[in-house]
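1. using only what follows, build the 3D model:
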Amino acid sequence: MPKKTGPKATASESPVDDLTYEAAVEELESIIERIESGEIGLEDSISFYERGTKLLRRCRAVLGQAEQRIERLDADALADPATEPDSGDNPA
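-> The predicted structure is shown next:
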């Protein structure tokens, strides 16, 4: 049976920036499987690889934003005296 070529074998063209982290990871894993399986030709592999690099950048950007958000939340929690643990200096 011949290898798949044409539009069905090419990488998705949906905008990477619109994908959730989970969707981007899922598509990236699918691309890796297809490239490693050898079921697609060289030109399609390059197209998939290009899409994969965009997906990887998207994942890293989402993770970076999540890390910054967590750091801000931690900083806010440390700056708020209501969230500080009781030191035991106040008699009950």
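2. helices of this structure, start to end?
-> Along the chain, the segments classed as helices by DSSP state H run 21-37, 42-79.
3. quick one: residue 40 and residue 48 touch, right?
-> Yes: with contacts counted by C-beta atoms under 8 Å, residue 40 reaches residue 48, the gap being 6.9 Å. Just so you know, the C-beta spots here come from the backbone N, C-alpha and C atoms, and that holds for glycine as well.
4. what residues are shared contacts of the two?
-> Shared contacts of residue 40 and residue 48 (C-beta atoms under 8 Å, 6 or more residues apart in numbering): residue 34.
5. re the thing from before, can you list the helices of the chain in TSV and add mean pLDDT and mean neighbour count?
-> Listed next are the helices of the chain as TSV, based on pLDDT from 0 to 100; neighbours: other C-beta atoms under 10 Å:
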stretch	mean pLDDT	mean neighbour count
helix 21-37	96	15
helix 42-79	95	13
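6. apart from its chain neighbours, what residue comes closest to the most centrally placed residue in the chain?
-> Nearest residue to the geometric centre of the chain (C-alpha atoms, centre = their mean): residue 59, 2.2 Å. Sequence neighbours aside, residue 24 is the residue nearest to residue 59 in space, at 5.2 Å (criterion: C-beta to C-beta, 6 or more residues apart in numbering).
7. no more questions from me, cheers.
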